[in-house]
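K.L.:
Fold the following for me, if possible:
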Amino acid sequence: MNNRFELANSVVEEALDLAAGERDVFVAAACGADAVLIADVRRLLAISSAVDGFLDSPPDDSGEIRIGDLLGGRFRIVEPLGAGAMGSVFLAEDLQLGPVALKTLHPELRDVPRVMERFQAEIGTARAVRHPNICAVFDLFTFERARGGPLVAFTMQYLQGETLARRLARGPIPPGEALRIAHGIGMAIDALHAEGIVHRDLKPDNIMLTRGRDGAITPVIMDFGLASRPGAEGPSVSGSPDYMAPEQFRTASAAKSADIYAFGLILFEMIAGARPFPAEDLLPAVIRRTTEDAPRVSDVAPGAPRAWDEAIARALLREPSLRPGSARELLDQIAAASRAPEALTVRAGARCSHAAPRPAHHQRMNAYPR
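P.N.:
Modelled structure (predicted):
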């Protein structure tokens, strides 16, 4: 950690403890004549204000819906599957069609400006693309209840399996298996991008690994709460800091290249069994991601195949225009290099000092985030 990183982080943390009207004077005094540092601190303060509350722990509305409840005379609640910032997800028995996942909007958010629009946008975005590697979304409902007022919810495909995050908690994935999983994820990303949709929150928690009758694993991308189309207005800063591209910390207008960066982070973790950057709070993550290059996979896992090492390094370039233009292009680079004689050459390298092992995930097998 360099002195500039420490200074900027220290100034921001102290400024956040002050009233909004006092911050400018404090920043000017703390940074002196360093105009670049002042600009960096002000930008970080703006980011912190934009995400204030957005990445906090979700409200607990588990008491609002009980196992056995029958919603709308049609959906019998079986068990909770997960909870997030906007809503909770339950396994429900659709008395007409069978098991579904039912995502509710937290009741206290129902009347918050623009929240309902985001909830509806999530449904519209997910329904815009039909693909075997994308979770299918069905219908929107408003349920009248005797307690708690109206409940807004939508139904989606019920996926049985485990999240990629849970799988990674057990360690790295062998390259052959990783490539098969990566192919499904990549095809889903390209299908979204073909419709002009940027997911903006790709991460292992949002990818379910389902297993077919033949034993084959199919990855399925879930959670479109932050997805957007070019030009669409959304949260000024949004995503999960551990998987955000550098440019996502600077602008709300995330492009397809941000998804490619997140895909590169996911591939890195599948092969290395660790993240390239340490898990840390938002402001340190902003500074590190925007000022430091990601380590190579081979720095963290010296035995990593060269084909993956080169392709992932390209996906994690800080300059968006230099990354692969599509997920397929990235996968093709890995596949082509894997067939080359030199593909198995191992690059020597010590384990990177700031690479972060993934903590164990204690979550349900059927986990639906956010």
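
K.L.:
what residues does the helix or strand hosting D190 touch?
P.N.:
In the assignment (DSSP states H and E), D190 maps to helix 175-194. Taking contacts as C-beta atoms under 8 Å, 6 or more residues apart in numbering, the residues outside helix 175-194 that touch it are 129, 131-134, 164, 172-173, 198-199, 202, 207, 209, 216-221, 227, 256, 259-260, 263, 266-267, 270-271, 305, 308, 326-328, 330-331, 334-335, 338. Quick note: C-beta positions are derived from backbone N, CA and C, even for glycine.

K.L.:
make it 7 Å
P.N.:
The list of residues contacting helix 175-194 from outside it, by C-beta atoms under 7 Å, 6 or more residues apart in numbering, reads 129, 131, 133-134, 173, 199, 207, 217-219, 221, 256, 259, 263, 266-267, 270-271, 305, 308, 326-328, 330-331, 334.

K.L.:
what does stretch 118-134 give?
P.N.:
When contacts are defined by C-beta under 7 Å, 6+ apart, stretch 118-134 is touched by residues 86, 105, 135, 137, 140, 152, 154, 184-185, 187-188, 191-192, 195, 197, 218-221, 224-225, 227.

K.L.:
average model confidence for whichever strand or helix holds E329?
P.N.:
Using DSSP H and E, the element containing E329 is helix 327-338. Taken as a whole, helix 327-338 has an average pLDDT of 90.

K.L.:
swap in stretch 228-243?
P.N.:
If you average the pLDDT values across stretch 228-243, you get 64.

K.L.:
Put the alpha carbons of stretch 111-119 into CSV.
P.N.:
C-alpha atoms of stretch 111-119 as CSV (Å, rounded to 0.1, in the frame of the first residue of the first chain):
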residue,chain,number,x,y,z
ASP,A,111,-43.2,3.4,-2.0
VAL,A,112,-39.6,4.5,-2.3
PRO,A,113,-39.2,6.6,-5.5
ARG,A,114,-37.8,4.7,-8.5
VAL,A,115,-37.5,1.4,-6.6
MET,A,116,-40.6,-0.1,-8.2
GLU,A,117,-39.3,1.1,-11.6
ARG,A,118,-36.1,-0.8,-11.0
PHE,A,119,-37.9,-3.9,-9.9
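
K.L.:
List the buried residues for that stretch?
P.N.:
Neighbour counts using 16 or more other C-beta atoms under 10 Å place 115, 118-119 of stretch 111-119 among the buried residues.

K.L.:
do the same with stretch 92-100
P.N.:
By neighbour count with 16+ other C-beta under 10 Å, stretch 92-100 contains the buried residues 92-93, 100.

K.L.:
ok, and what's touching it?
P.N.:
Contacts of stretch 92-100 (C-beta under 7 Å, 6+ apart): 74-78, 91, 102, 138, 155-156, 158.

K.L.:
gap between that stretch and the chain center?
P.N.:
Stretch 92-100 has its C-alpha centroid displaced from the chain centroid by 28 Å (C-alpha atoms, centre = their mean, to the nearest Å).

K.L.:
CA-only coordinates of that stretch in CSV, if you can.
P.N.:
Presented in CSV, the C-alpha positions along stretch 92-100 are these (Å, rounded to 0.1, in the frame of the first residue of the first chain):
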residue,chain,number,x,y,z
ALA,A,92,-42.9,-21.7,-3.9
GLU,A,93,-45.2,-24.4,-5.3
ASP,A,94,-47.2,-23.0,-8.1
LEU,A,95,-50.5,-24.9,-7.9
GLN,A,96,-50.9,-24.6,-11.6
LEU,A,97,-47.3,-25.2,-12.9
GLY,A,98,-45.2,-26.7,-10.1
PRO,A,99,-42.1,-25.4,-8.3
VAL,A,100,-41.0,-21.8,-9.0
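
K.L.:
Tell me where this protein has strands.
P.N.:
With DSSP state E as the definition, the chain shows strands at residue ranges 70-71, 75-83, 87-94, 98-105, 137-143, 151-156, 161-163, 207-211, 217-221, 274-275, 356-357.

K.L.:
closest to A28 out of these?
P.N.:
Comparing these against A28 with C-beta to C-beta, the closest turns out to be strand 356-357 (35.0 Å).
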